[in-house]
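the following comprises the amino acid sequence and a computationally predicted model.
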Amino acid sequence: MKKFYLVCLVVVLSVGMMTFLNADDPVFLWEDDFSYADFDALIDAYDEVTTDEELTTLSSEEYMSADQSLFIEADEAGHIFLELDSAVNTDEESLVVSFWMYDPVGLEGGDWDCGRLGVTLSAWADGAWGEGDLQNLVFLGSHHNPLGGGATYYSMRITDGFETEDDQGWDLTNIERSEGWHEFTMVLHEGIATFYIDGTHALEGEFDEPEAGWHSVRIGSPARAVHRGDWYFDDLVIYLGEMIVPTSASHWHLFD
């Protein structure tokens, strides 16, 4: 289940199959392996959950840890929202968002097979999702984006608000889609967003630091998104500090 951290945690420099880039301990803001007893417990943990349990629920069909994951049904816009306890200014410290996502389709589908599934980090003028003007938004995952090729490569987005060009801030990473579990990581620091997939550098881009700070997190699929296959999310971790990196290219996560 979720762990919401309000204080700095002290962790060792090596845990299982993970290591730290330096000796500075990360500050964990949120950690969730979705090991909830039931759907009501999931609702209690997050600021908003798609209320139809048929769209967004817990599943033991696919998972990375704790024998359970977050499930998004095919062709439905299931999602959950989280508001961080305090907004983060990444000019001052690195913000890292890491999660595992199960891609059920890989390269087998057409251009519209993947919908928009992943994790979105955003900043709004009035400090909550959808409140006031959107100041900035970053996304990493899968999307049939305006550039085309979304059925082949995983996608990222940096909007810098709604005043964007025709591509709306979308770009393709250099990582081809494949069926199965993949780890996605976003690192934001000093105007640079760096994206990693399965520990491999996938793309990076510049962004304007939002005045409100980064505070809203959406996991899953937004409204009106259509996608093939059942998708799963697991092991969501949000923290301040240097990115935690694996010791090898093999699968790893904080919940080993």
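Done, it's in. Numbering: from 1, shown residues only.

quick one, phi/psi of the nearest residue in space to residue 206 that is not next to it in sequence?
Excluding the flanking residues, the one nearest residue 206 by Cβ to Cβ, 6 or more residues apart in numbering is residue 191, at 5.6 Å. For the C-beta atoms, the positions are set from N, CA and C on the backbone; glycine is no exception. Backbone geometry at residue 191, expressed as degrees, to the nearest 10, gives phi 80, psi 10.

what is the neighbour count of residue 191?
Burial measure for residue 191: 12 neighbouring residues, criterion other Cβ atoms under 10 Å.

for the one 5 residues further on, same thing?
Using other Cβ under 10 Å, residue 196 has 22 neighbouring residues.

partners of it in the sheet?
With DSSP bridges as the criterion, residue 196 is bridged to residue 185, residue 201.

ok, it - contacts?
183, 184, 185, 186, 187, 202, 243 (Cβ atoms under 8 Å, 6 or more residues apart in numbering).

name the helix or strand for the closest residue to residue 211 other than its chain neighbours, please.
Excluding its sequence neighbours, the residue lying closest to residue 211 (Cβ to Cβ, 6+ apart) is residue 135, at 6.3 Å. Element membership of residue 135 [criterion: DSSP states H and E] is strand 134-143.

need the three-state assignment for residue 238.
Here residue 238 is recorded as strand under DSSP: H, G, I helix; E, B strand; the rest coil.

give me the pLDDT for the residue nearest to residue 211.
pLDDT for residue 135: 89.

and what of the one 10 residues further on?
You'll see residue 145 listed with a pLDDT of 58.

poorly predicted segments of the stretch 101-250 of the chain, please.
Within the stretch 101-250 of the chain, the segments meeting pLDDT under 70 span 106-115, 145-150, 161-167, 222-228, 245-250.

spatially nearest residue to residue 97, not counting backbone neighbours?
Closest to residue 97 by Cβ to Cβ, 6+ apart is residue 186, at 4.7 Å.

now swap in residue 79 and tell me
Nearest to residue 79 is residue 220, by Cβ to Cβ, 6+ apart, at 3.4 Å.

that neighbour pairs with what?
If you apply DSSP bridges, the partners that residue 220 bridges to are residue 79, residue 118.

residue contacts, it?
50, 56, 70, 72, 77, 78, 79, 80, 117, 231, 233.

now render those residues as JSON lines, adding neighbour count.
Listed next are these as JSON lines, based on neighbours: other Cβ atoms under 10 Å:
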{"residue": "50", "neighbour count": "21"}
{"residue": "56", "neighbour count": "25"}
{"residue": "70", "neighbour count": "27"}
{"residue": "72", "neighbour count": "30"}
{"residue": "77", "neighbour count": "20"}
{"residue": "78", "neighbour count": "25"}
{"residue": "79", "neighbour count": "25"}
{"residue": "80", "neighbour count": "23"}
{"residue": "117", "neighbour count": "26"}
{"residue": "231", "neighbour count": "28"}
{"residue": "233", "neighbour count": "29"}
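
secondary structure element for residue 42?
Judged by DSSP H and E, residue 42 forms part of helix 39-45.

which neighbouring elements make contact with the following helix or strand past that helix?
Downstream of helix 39-45, the next assigned helix or strand under DSSP H and E is strand 48-49. Contacts defined by 3 or more Cβ pairs under 8 Å, 6 or more residues apart in numbering; DSSP states H and E place strand 48-49 against strand 79-88.

this completes my enquiry, with thanks.
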